[in-house]
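Trainee: Have a look at this prediction, sequence included:
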Number of protein chains: 2
Amino acid sequence: MEKPPHLSSIISDYDYSVSADHIKLVRNALQSNDDQMVLDLISGLHAADVADIIEQLTQAQRVQFIDILRPDFDPEILIELDEYLRDEIVHLLPSKELASAITNLQSDDAVTVYDDLDHELQQRVLEDIPELDRQSLESSLDYDDESAGRLMLREMVVALDTWTVGQVIDSFKNSEEFPEDLSQVFIVDAKHCPIGSLPLSRLLQLPRTTKVVDVMEGDLKIVPVSMNREDLAFYFQQYTLPAVPVVEANNHLVGMVTASQMISIIQEETEKDLLGLGRVSEPTFTRPVIELSLNRLRWLVVTLINTLLGSTVIAHFEASIQKAVTLAILMPIVASMGGNSGMQAVTVTVRALAQRDLRKGQVLRAVSKEIGIAFINSFILAGLLSLIVTLWYEDAVLGLVLGGALMFNMVWSGLAGTLFPVALDRLGFDPAIGSGPLLTTTTDVLGFSIFLGLATIFLF
Amino acid sequence: MEKPPHLSSIISDYDYSVSADHIKLVRNALQSNDDQMVLDLISGLHAADVADIIEQLTQAQRVQFIDILRPDFDPEILIELDEYLRDEIVHLLPSKELASAITNLQSDDAVTVYDDLDHELQQRVLEDIPELDRQSLESSLDYDDESAGRLMLREMVVALDTWTVGQVIDSFKNSEEFPEDLSQVFIVDAKHCPIGSLPLSRLLQLPRTTKVVDVMEGDLKIVPVSMNREDLAFYFQQYTLPAVPVVEANNHLVGMVTASQMISIIQEETEKDLLGLGRVSEPTFTRPVIELSLNRLRWLVVTLINTLLGSTVIAHFEASIQKAVTLAILMPIVASMGGNSGMQAVTVTVRALAQRDLRKGQVLRAVSKEIGIAFINSFILAGLLSLIVTLWYEDAVLGLVLGGALMFNMVWSGLAGTLFPVALDRLGFDPAIGSGPLLTTTTDVLGFSIFLGLATIFLF
């Protein structure tokens, strides 16, 4: 048993669980080959913190570090590492040790680690995994990546609907360890279909002779093995669930997903949208620069094509610009404001889609709202801008042309910023990734064409 | 007890819990004043789904709907509504009914509803809330908004370190209902300081005579009442916790926060960053258009100032553009590519800050990584662009000037895209909101200046 932590240490430590200084001490200990010091420095640390330390080491240091940890390796560390480093670390463990690490993990974590191994390593490891665990591993891998079946925990408590509270309590004694966050018992009928749940806290309050069917909560939210992570995330958010039972196509109960499992999933799903809108799709800092570069380069090439299209539009109006350079000075405003206000609409729409706030009947309402917003804002900004330009260049027609082009482009961007994400979503694409480039291409091309076009008509 | 749902209905329904058709039926029933039909249509629905329906009604329909629901009003509905509508709905309930709704909610939810009431309504409601609940409400409100103290649940099971397993189990019998997701008992010493935890599932496995100190998990992650939501979110993500004990400054245990509570918080925190980067700060669709407009207008005014600054830079090079309109055609490319690649860096940095991946010692590493990425990508893109322009205009010097300006602006944007968010964060501002406008102002101004400046030097 560890000594109780004191509040002074909590308050200073909670912020960053492993400080930069702490990591420096580990590095120094590794450099001076002081194995005992390394072990002292990580003793009592949570696996997530040890993983954080590993992510801060050089490759050579990692080899040395794992070698020191090996005799007493905490398999949870593998779960906390990002995929890229996990792949490196599993190759530093002998296959027997890796197999025992996988066997000791909770079922969902075992699947995650095993699934990421290359085929050859999977085969080697499988030999050293006990038959029962092997079967459960392999059947989990039959489910789609990112599905509830892949995610679910198999360690749960299932009670028959004919049981009493006493029988349920006794069934605990015969089992091994359960997930720390177990809070529900699921009740199944004779066909092993879930029909209710009972919180452990209720179980402790009820007389042993009570029949579970008489006290269970029958209003169960049930999830099929095929449900994807996104829908699962919405489900947990919508209903604030402690855990959901997961069923096969025949409605047989095969596992459960808990709220603590969903925490990282929900964060990842929202983050995926955030990164997509920012035109990056890599989640971590730890990958090599060249990989990160290529990942982002794709989006920059799309942006380059987008801007080159804008340039060809401007080139079309070369003669007008020659006559009035002022047009060149003012044209970026129209394109830029359209792009920015459109991205506001895209951002709101992408989140509304994720939150299931845009059911089929509601798109029209959202579009009209966005167009309303665009009208109000573009009217105010166009008025302001017309005034500035009229005063600056003493040319009211120029001011009106600029204001008109701005309004047109912003209203278009409100419409497109809603419809592009919705259309991409309906067509099965990720709206967070595709909408931005699509939108800004149109706001650039339209912005330049309308402003320079109107100017050519009204000014010369 | 409800009848067990069948899989066919689950699979078709889980996607959108309340279909647009269902909402239409409710609207029709309201229109034809068929109260019984309305009640039938919402019977068995989760409070979150009823809240979704309310959000889809007009104001007049909402008044009618609440009137029908009132005799049997589920207080959970208040929690699921967004703040704006909740404020409307609480005014439709007589203060006695509102008081009873608040009393029947879980302690964390009661605080949320009560806190959002206007002062006058708070006073009226308080009279009808039982003394004990009133005290707990008022003491929760003493803690900062967005702090662990405000969020925490007071319904938990606390055991003394001198107790046996049997005593803990017996203590359940004397209590009322517990949160559905209760999975841990917290163990405190004589001073009421938490020193360990025991999962309920372990409690059910152990002999009654076992002393809790001998079997509890002593490695507790403890949270002070003052911890803010963001740190709490990080804490739950980092350590995959089922629940954390919350302590006052004297280290006394006063409440707990559970994983299912954190699900919506983590989603909200990540979403706040996402909306901030998209330059919108409103979270919902349900507010009136004018409010949404003004909210976004602030950011568009900032963008307008930003683009006007860019225009003054261009105006400075009027003479050069007059000589070669080509410059006007190409200049948006440099500004736009700098802005886009910079926003990639901002997006990654904002997330790294939220994930505590940028400790003080690691900023240099992140900056050098971003500059590395910017070098590689700008080199490739500048090469490509130089080639295109050289062929298009048959002018190698123009191609080189454009490529050089692009490289410079992109490398700057990698540097600024990392340093701006880090600096804003250190200064106590929200990096997700401020970084974008700051960055694009510099990439516009620099982009235009360098390209037009270099062109003026080398081309004429």
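Mentor: Sure thing, it's come through. Quick caveat: nothing in here was measured; it's all calculated off a predicted structure.
Trainee: So, low pLDDT: which residues of chain A?
Mentor: A:1-17, A:282-286, A:360-361 (pLDDT under 70).
Trainee: and residue A:137, how far is that from residue A:254?
Mentor: According to Cβ to Cβ, to the nearest Å, residue A:137 stands 14 Å off from residue A:254. Every residue, glycine included, has its C-beta placed from N, CA and C.
Trainee: Overlap of the contact sets of these two?
Mentor: Between them, residue A:137 and residue A:254 share no contacting residue under Cβ atoms under 8 Å, 6 or more residues apart in numbering or on different chains.
Trainee: Enumerate the residues of the stretch 351-460 of chain A near chain B.
Mentor: By Cβ under 8 Å from any Cβ of the partner chain, the residues of the stretch 351-460 of chain A that approach chain B are A:351-352, A:356-357, A:359-362, A:366, A:369, A:372-373, A:376-377, A:380-381, A:384-385, A:388, A:444.
Trainee: Let's see which of the residues you listed end up in helices.
Mentor: Among those, DSSP state H puts A:351-352, A:366, A:369, A:372-373, A:376-377, A:380-381, A:384-385, A:388, A:444 in helices.
Trainee: Tell me the one of those nearest residue A:407?
Mentor: Nearest to residue A:407 out of those is residue A:381 (Cβ to Cβ; 8.4 Å).
Trainee: That closest one contacts residue B:301, doesn't it?
Mentor: Yes. With contact taken as Cβ atoms under 8 Å, residue A:381 and residue B:301 are classed as touching, separated by 7.4 Å.
Trainee: Between those two, tell me which one has more neighbours.
Mentor: residue A:381 (22 against 14; other Cβ atoms under 10 Å in any protein chain shown).
Trainee: check contacts around that one.
Mentor: Residues in contact with residue A:381, defined by Cβ under 8 Å, 6+ apart, are A:337, A:406, A:410, B:297, B:300-301, B:304.
Trainee: in stretch A:72-84, what's buried?
Mentor: Along stretch A:72-84, the positions that meet the burial threshold by neighbour count (16 or more other Cβ atoms under 10 Å in any protein chain shown) are A:73-81, A:84.
Trainee: My error: substitute stretch A:423-436 in the last question.
Mentor: For stretch A:423-436, the buried set under the neighbour-count rule, 16+ other Cβ under 10 Å, comprises A:423-425, A:431-436.
Trainee: As a markdown table, those with secondary structure and distance to residue B:262 would be great.
Mentor: As requested, these are arranged in a markdown table below (DSSP: H, G, I helix; E, B strand; the rest coil; distance: Cβ to Cβ, whole Å):
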| residue | secondary structure | distance to residue B:262 |
| --- | --- | --- |
| A:423 | helix | 34 |
| A:424 | helix | 31 |
| A:425 | helix | 27 |
| A:431 | helix | 26 |
| A:432 | helix | 23 |
| A:433 | helix | 28 |
| A:434 | helix | 31 |
| A:435 | helix | 29 |
| A:436 | helix | 30 |
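Trainee: JSON lines please, covering the contacts of residue A:381 and showing secondary structure.
Mentor: Listed next are the contacts of residue A:381 as JSON lines, based on DSSP: H, G, I helix; E, B strand; the rest coil:
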{"residue": "A:337", "secondary structure": "helix"}
{"residue": "A:406", "secondary structure": "helix"}
{"residue": "A:410", "secondary structure": "helix"}
{"residue": "B:297", "secondary structure": "helix"}
{"residue": "B:300", "secondary structure": "helix"}
{"residue": "B:301", "secondary structure": "helix"}
{"residue": "B:304", "secondary structure": "helix"}
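Trainee: Just the buried residues of those.
Mentor: Among the contacts of residue A:381, those classed as buried by 16+ other Cβ under 10 Å are A:337, A:406, A:410, B:297, B:300, B:304.
Trainee: ok, back up a step: which one among the contacts of residue A:381 gets closest to residue B:287?
Mentor: Residue B:287 lies nearest to residue B:297 out of the contacts of residue A:381, by Cβ to Cβ, at 14.0 Å.
Trainee: Just give the nearest non-adjacent residue to the closest one, would you?
Mentor: Using Cβ to Cβ, 6 or more residues apart in numbering or on different chains and skipping residues adjacent in sequence, the residue nearest residue B:297 is residue A:377, 5.1 Å away.
Trainee: Identify the residues contacting the one you found.
Mentor: If you count contacts by Cβ under 8 Å, 6+ apart, then residue A:377 has A:341, A:410, B:293, B:296-297, B:300 around it.
Trainee: what's the closest of these to residue B:181?
Mentor: The shortest gap between residue B:181 and any of the contacts of residue A:377 belongs to residue B:296, at 37.5 Å (Cβ to Cβ).
Trainee: wait, is that closest one part of a strand?
Mentor: No. Inclusion of residue B:296 in a strand is not indicated when three-state DSSP is applied; the result is helix.
Trainee: Does residue A:255 have any beta-bridge partners, and if so which?
Mentor: residue A:246 (DSSP bridges).
Trainee: Give me the neighbour count for it.
Mentor: One way to gauge burial is a neighbour count; for residue A:255, by other Cβ under 10 Å, it gives 25.
Trainee: now residue A:303
Mentor: Close neighbours of residue A:303, defined as other Cβ under 10 Å, add up to 23.
Trainee: Name the residues of the strand or helix carrying residue A:441 that come out as buried.
Mentor: Taking DSSP states H and E as the criterion, residue A:441 maps to helix A:431-459. By 16+ other Cβ under 10 Å, the buried positions in helix A:431-459 come out as A:431-456.
Trainee: Then stretch A:63-70?
Mentor: Residues of stretch A:63-70 classed as buried by neighbour count (16+ other Cβ under 10 Å): A:64-66, A:68-69.
Trainee: Show me those that map onto helices.
Mentor: Within those, membership in helices is found for A:64-66, A:68-69, as judged by DSSP H.
Trainee: Filter the buried residues of stretch A:72-84 down to just the ones in helices.
Mentor: Assigned to helices by DSSP H, the following of the buried residues of stretch A:72-84 qualify: A:76-80, A:84.
Trainee: Kindly reformat these as TSV and extend each row with distance to residue A:129.
Mentor: Formatted as TSV, the entries for those read as follows, by distance: Cβ to Cβ, whole Å:
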residue	distance to residue A:129
A:76	18
A:77	19
A:78	15
A:79	17
A:80	21
A:84	24
